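> got a predicted structure here, sequence first:
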Amino acid sequence: MKTLNILLIEDDMIEVMKLNRTISSLQLNHKIIEANNGEDALKILEQKDVLPDIILLDLNMPKINGIEFLGILKNDETLKYIPTIILTTSNNQKDLLECYKIGVAGYVLKPLKYEDYMTKIEKLLAYWSINELIKV
Amino acid sequence: MDQNQVEILKRALDREKNARKAAEKILEEKSRELYFTSQKLENLLNEKSSELQGVFENIVDAYVVIDLNGKILKFNEAATKLFGYDIDKEGVNVAKLIHKDDFQYAEECFNNLLSHGFFKDYETRVYTKSKEVKWVHVNGSIVFDKDNKPVAAQGIVRDITEERASAEKLIESESRLATLVLNLDSGIILEDENRNIVLTNTKFCELFKIDAQPSDLYGMDCATASEKNKVLFKNPEGFIQRMQSIDKAKETVIGDELEMLDGTILERNYMPINIGDKSKGFLWTFTDVTLKRTYRKRLEAQRQKYFSIIANMNLGLVEVNNDDEILMINQSFSEMSGYKEEELLGKKSREIYPIEDGSEIIAKEHEKRRRGESNSYELKVKTKQGDIRYWLISGAPNFNLNGDVVGSIGVHLDITELKELELQKEKLLIKLEKSNDELQEYAHIVSHDLKSPLRSIDALVSWLKEDNKGKLDEMSLKNFELIEATLEKMEQLITDVLDYSSVGAEKIETEAVDLDKILSDVITILYIPEHININAIHPLPTLKGDAIKLQQLFQNLISNAVKFIDKEEGIITIDFEDLKSHYKFSIQDNGIGIDKQFHDKIFKIFHTLNKSKDSTGIGLSIVKKIVDLHEGQIWLESQLNVGTTFYFTLKK
């Protein structure tokens, strides 16, 4: 299994903890880069030599929200190739539609229960670890 | 005798001698003259008699000679032609020629001829050889021999068949004319120079209430008669005076109107009749025009009525010709547009008040008028004062008497206030839609923001449990479970509130929805315990509606039914009925039942009968909202401990 560089864009501290704990308790070797909002994430992505393999993106964020961030990403000649998976509470049909319109590699709803969350994350990461990805 | 006396006598004798000589000479001259004259006369006589012979032979009319027994002795060429007989070849008797009806008349004539020696102007019918009947005119005389004894009769026969026919025609047409005059719808009087009646008719007697035949009036004096008739008129003296002045002028007068006491209105015309330079009399005609006049009066009254309607109505009226030039406007239009009539007449309407693309609209509408079409349209205009107004114009083509389009008439209604309300409404709708969208967004954000802490708490609780595995007592573990259950319920509540707000906020998408498929989807999605059976008695119909909402409807009702079944064997029965405009559905369960007093309350939001961990009290409110959206109704029948049947209708 490949080790993934994952950029997690999430403003909720506990959500970040949840992903970290999930990866460590599942004993996965993926590396997580944290960004608390879209601006931070864009700064991180400016360093084109160390780009993440996938991005996990929350939609409800202050300043640049998830959909705006996605738009910026998809307009960038390099960054648009990074698979971006939405990780959100919003099951708003409008958001779902908009995201797929702009272009996402997945749309995962955050479940209430932590066990359910772990299951989803495990599957998600397992899927992306077996995928061939574009390396810059 | 003395010498003197002898001399005198001698001279007298000489004078006499000379005189006789002169007389003899004159006599001689005269007798010579006479001789020449008689010579001339003799020649002339010869000439004349041979001429006469030729005349008889070549006369245009037929010349016939018969003996006293009627045998025809001689026909000239015209006679041969007229009768068709060649008497050189066949003997013909006059009797054969005479028409059977005129036989007696012919006999009388012949007797007349024998007794008087001639007859004249005998007109009779004859047969020709080909049995054709002809009218002839005959003058005849007896021919005597040298002893003055009658030997034959001769006659000139003229064919008058055609004359006779045209005479008959003339009589016929005269009598036709007379009948026409007699029965004319106008009363007429033809009078001579002395004002005596020459001709009149029935209608005249009728109009003047004269109880007599028209012929009884012939010869009467008009002046006297009219003195008697004047009492029939409202202005008797005026009637007489006018008549006298017309008679005096002897010139044509047309269209005098006379009002009679009984209300009848007569039109009187007068004209002298001249043939060549000769006066043939004076013709008066009287026509009853009462109907025509009252009709015209009524027409005028109608015209006045409509005119005042047009002038005073609150609608602007404009008449234009085919070039869009204004021909007429009413007062209201003047007030609407701010222009005076004289400022608009002759101007093109599209160049004056329309703004934006109004000129093109007017041009297009005029094109329709020219094709004879009528319709209404709206126009944004600028009045003379510069106000922007909206007009609703109802335009119709204007036709002339031949049915050609000569322009159009537009009725204008100022709808500015209405239009502003409409625009306001549109703006409000857009605003409302926007705020609805915003509300929807807000609901999503709020639900996200509310759900996030719940998720965090759940994660933290599960980490506490994980990190303290084996250290926690039974009671603490139980409490952790309770926290988790509460979190779940809280999340469900947030989801339901969001759903409820979404049901009304989103526009209803109508499409053909196969409810049978929806039902089987719902049954797949829902968790149905083993002991519960769901029976759909008939395949459900397809109707127009919102698929997602209809699915939610069935899902909520069926999951409710499942939730409240307390029997060992659960039965849920689904069926429907076809009403006219709606379908009526029923979902029956054998659950705990609902007390009658709660039947209305359960559809209200947050009202739940059984506080349980998976009941938020919103489900049925959502159901009701969806039924409302599909123009239906929902109600239930229930018996405690036996079961509940929900009924609802949905529009087809």
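Nice, I can see it.
> for residue B:391, give me its contacts.
Applying C-beta atoms under 8 Å, 6 or more residues apart in numbering or on different chains, we find residue B:391 in contact with B:316, B:336, B:378-379, B:381, B:412-415. Where C-beta positions appear, they are placed from N, C-alpha and C, glycine not excepted.
> pLDDT score assigned to residue 11?
Because you didn't say which chain, this covers chain A. Here, the pLDDT recorded for residue A:11 equals 88.
> that's the wrong chain, I wanted chain B
So, for residue B:11, pLDDT stands at 87.
> could you pull up phi and psi at residue 105?
This is for chain A. phi -100, psi 0 (degrees, to the nearest 10).
> switch to chain B, that's the one I care about
phi -60, psi -40.
> just checking, it touches residue B:124?
Yes - Residue B:105 is within contact range of residue B:124, at 6.3 Å (criterion: C-beta atoms under 8 Å).
> so which elements touch the host helix or strand of residue A:121?
Here residue A:121, judged by DSSP states H and E, is contained in helix A:114-129. Packing contacts for helix A:114-129, counted by 3 or more C-beta pairs under 8 Å, 6 or more residues apart in numbering or on different chains; DSSP states H and E, involve helix A:13-25, strand A:106-109, helix B:416-467.
> any chance of those in a markdown table, with mean neighbour count too?
Shown next, in a markdown table, are these (neighbours: other C-beta atoms under 10 Å in any protein chain shown):
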| stretch | mean neighbour count |
| --- | --- |
| helix A:13-25 | 17 |
| strand A:106-109 | 16 |
| helix B:416-467 | 14 |
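> per-residue confidence for residue B:330?
Residue B:330 is given a pLDDT of 87.
> picking that back up, more crowded one of residue B:105 and residue B:124?
Shown here are residue B:105 and residue B:124; by other C-beta atoms under 10 Å in any protein chain shown, residue B:124 has more neighbours (19 against 15).
> what about that one, distance to chain A?
According to C-beta to the nearest C-beta, to the nearest Å, residue B:124 and chain A sit 122 Å apart.
> burial of the nearest residue to that residue once chain neighbours are set aside, as a residue count?
Nearest residue to residue B:124 in three dimensions, chain neighbours excluded: residue B:102, at 4.5 Å (C-beta to C-beta, 6 or more residues apart in numbering or on different chains). Residue crowding around residue B:102 was assessed by other C-beta under 10 Å; the count is 15.
> put the alpha carbons of stretch B:562-570 into CSV.
These are the backbone C-alpha positions of stretch B:562-570, laid out as CSV (Å, rounded to 0.1, in the frame of the first residue of the first chain):
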residue,chain,number,x,y,z
VAL,B,562,-43.5,0.0,11.2
LYS,B,563,-42.5,2.0,14.3
PHE,B,564,-45.8,1.6,16.1
ILE,B,565,-46.6,-2.0,15.4
ASP,B,566,-46.8,-3.8,18.7
LYS,B,567,-48.3,-7.0,17.5
GLU,B,568,-46.4,-10.3,17.0
GLU,B,569,-47.3,-10.3,13.4
GLY,B,570,-47.4,-6.9,11.7
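> for it, what is the average pLDDT?
89.
> in it, what counts as buried?
By 16 or more other C-beta atoms under 10 Å in any protein chain shown, the buried positions in stretch B:562-570 come out as B:562, B:564-565, B:570.
> go on, stretch B:397-413?
So stretch B:397-413, judged by 16+ other C-beta under 10 Å, has buried residues B:397-398, B:405, B:407-413.
> wait, which of those residues is closest to chain A?
residue B:413 (44.0 Å; C-beta to the nearest C-beta).
> so that closest one sits right up against residue B:332, yeah?
No - in this structure, residue B:413 is not within contact of residue B:332 by C-beta under 8 Å, at 9.7 Å.
> what's the neighbour count on residue B:354?
Residues near residue B:354, counting by other C-beta under 10 Å: 19.
> now the residue nearest the centre of chain A: how far from residue A:104?
Here the mean C-alpha position of chain A is nearest to the C-alpha of residue A:56 (C-alpha atoms, centre = their mean), at a distance of 0.5 Å. From residue A:56 over to residue A:104 the distance is 11 Å, taken as C-beta to C-beta, to the nearest Å.
> where do the contact lists of the two overlap?
With C-beta under 8 Å, 6+ apart, residue A:56 and residue A:104 have common neighbours residue A:85.
> before we move on, back to that, of the contacts of residue B:391, grab the buried ones for PyMOL.
Paste this into PyMOL to select the buried members of the contacts of residue B:391, with burial taken from 16+ other C-beta under 10 Å:
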select buried, chain B and resi 316+336+379+381+412+413+414+415
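> let me have the contacts of residue B:391 in CSV, extended by pLDDT, secondary structure and distance to residue A:79.
CSV is the format used below for the contacts of residue B:391 (pLDDT from 0 to 100; DSSP: H, G, I helix; E, B strand; the rest coil; distance: C-beta to C-beta, whole Å):
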residue, pLDDT, secondary structure, distance to residue A:79
B:316, 89, strand, 66
B:336, 87, helix, 64
B:378, 88, strand, 53
B:379, 87, strand, 55
B:381, 87, strand, 57
B:412, 90, strand, 63
B:413, 90, strand, 62
B:414, 89, strand, 61
B:415, 90, coil, 57
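> same for the helix or strand hosting residue A:69, what does it pack against?
Taking DSSP H and E as the criterion, residue A:69 maps to helix A:66-74. Judged by 3+ C-beta pairs under 8 Å, 6+ apart, the packing partners of helix A:66-74 are helix A:38-46, strand A:54-57, strand A:84-88, helix A:93-102.
> surely residue B:75 meets residue B:62?
Yes - using C-beta under 8 Å, residue B:75 is in contact with residue B:62, at 7.2 Å.
> overlap of the contact sets of the two?
residue B:83.
> so residue B:247 sits against residue B:195, correct?
Yes - under the criterion of C-beta under 8 Å, residue B:247 makes contact with residue B:195 at 7.1 Å.
> specify the local secondary structure of the residue nearest to residue B:537 when sequence neighbours are not counted.
Nearest non-adjacent residue to residue B:537, counting by C-beta to C-beta, 6+ apart: residue B:575, 4.3 Å away. Judged by DSSP: H, G, I helix; E, B strand; the rest coil, the three-state class of residue B:575 is strand.
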